[in-house]
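Peer 1: here is a sequence with its predicted model. Questions after.
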Amino acid sequence: MNTRMTDIPEHDRPREKLLRKGAAALSDQELVAVLLGKGTAAMDVMTLAGKLVRIVDEKGLQLRADDLTQYGGVGDAKAALILAAVEFARRRIKPEGSRITTSADLLPHVRHYADRRQEHFLCASINGANEILNIRVVSIGLIDRTPVHPREVFADALVDRAAAIIVAHNHPSGGLEPSAADIEATRQLKAAGSIVGVPLLDHIIFNRRGYFSFLEAGRL
């Protein structure tokens, strides 16, 4: 069901919430809603923001204007604003170029997915200096599982000319212990990485409280 801004109590509306609690208190969808300002007659701003979050997740740092303007209500002006915000943050936070020395080093770049209600399976492309090239959402699943295939994981990593990958996914509904499906997916990705010459460095499962690393647990 669509949630119009007028349906949200004024103190909980994204802009007011940001001013009162700070930007960190907002979800990704709420942050994009602040950038959009308003929706359209056909689509409220929160619904539109949710659609844009998904395409940003999929494209990562390769996001382009036409990825955004394909949605009704997003013209050149709004697309430019969102791209400018992404680039402004990138120049300061710089996820690409961030060095990964331990599994925990990836967490600040993916932790915001911990609040998602569905599992998001992420792939971080890593260069030969153990620096992040890009982070993308490979697939989105159900509350307790997300389907993933090696070809989907390695497709963009090969385009990035990655030397290795680290995969991660959130566990929105439970603990951090890997499921049988998680273990099997890790086995398949490790085998596929060996074949294509892009090794799997780690598989991380995380939630708001902590994380599990296959590598650190000696299970990779």
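Peer 2: It's in. Bear in mind the structure is a predicted one, so any value in this text is a computation, not a measurement.

Peer 1: gap between residue 111 and residue 148?
Peer 2: Taking C-beta to C-beta, to the nearest Å as the measure, residue 111 and residue 148 are separated by 20 Å. To be clear about C-beta, it is placed using only N, CA and C from the backbone, and glycine gets the same treatment.

Peer 1: centre-most residue in this structure?
Peer 2: Using C-alpha atoms, centre = their mean, the residue of the chain that lies closest to the mean C-alpha position is residue 57, 4.6 Å off.

Peer 1: who touches that residue in this structure?
Peer 2: 120, 136, 137, 140 (C-beta atoms under 8 Å, 6 or more residues apart in numbering).

Peer 1: out of those residues, which is nearest to residue 101?
Peer 2: Of all those, residue 101 sits closest to residue 136, with 21.7 Å by C-beta to C-beta.

Peer 1: right, and the closest one touches residue 123 too?
Peer 2: Yes - taking contacts as C-beta atoms under 8 Å, residue 136 lies within contact range of residue 123: 5.7 Å.

Peer 1: joint contacts of those two?
Peer 2: Taking C-beta under 8 Å, 6+ apart as the contact criterion, the residues that touch both residue 136 and residue 123 are residue 156.

Peer 1: who's more crowded, those two?
Peer 2: Here residue 136 and residue 123 are compared on neighbour count by other C-beta atoms under 10 Å; more neighbours surround residue 123, at 28 against 21.

Peer 1: can you name the helix or strand that the more buried one falls in?
Peer 2: Using DSSP states H and E, residue 123 maps to strand 120-126.

Peer 1: output the contacting helices and strands for that strand.
Peer 2: Packing partners of strand 120-126 (3 or more C-beta pairs under 8 Å, 6 or more residues apart in numbering; DSSP states H and E): helix 107-110, strand 132-140, helix 150-159, strand 164-170.

Peer 1: strands paired with it, and their directions?
Peer 2: According to DSSP bridges, strand 120-126 has the following sheet partners: strand 132-140 (antiparallel), strand 164-170 (antiparallel).

Peer 1: tell me the domain boundaries of this protein?
Peer 2: Residue ranges for the domains of the chain, per automatic domain parsing: 5-93, 103-213.
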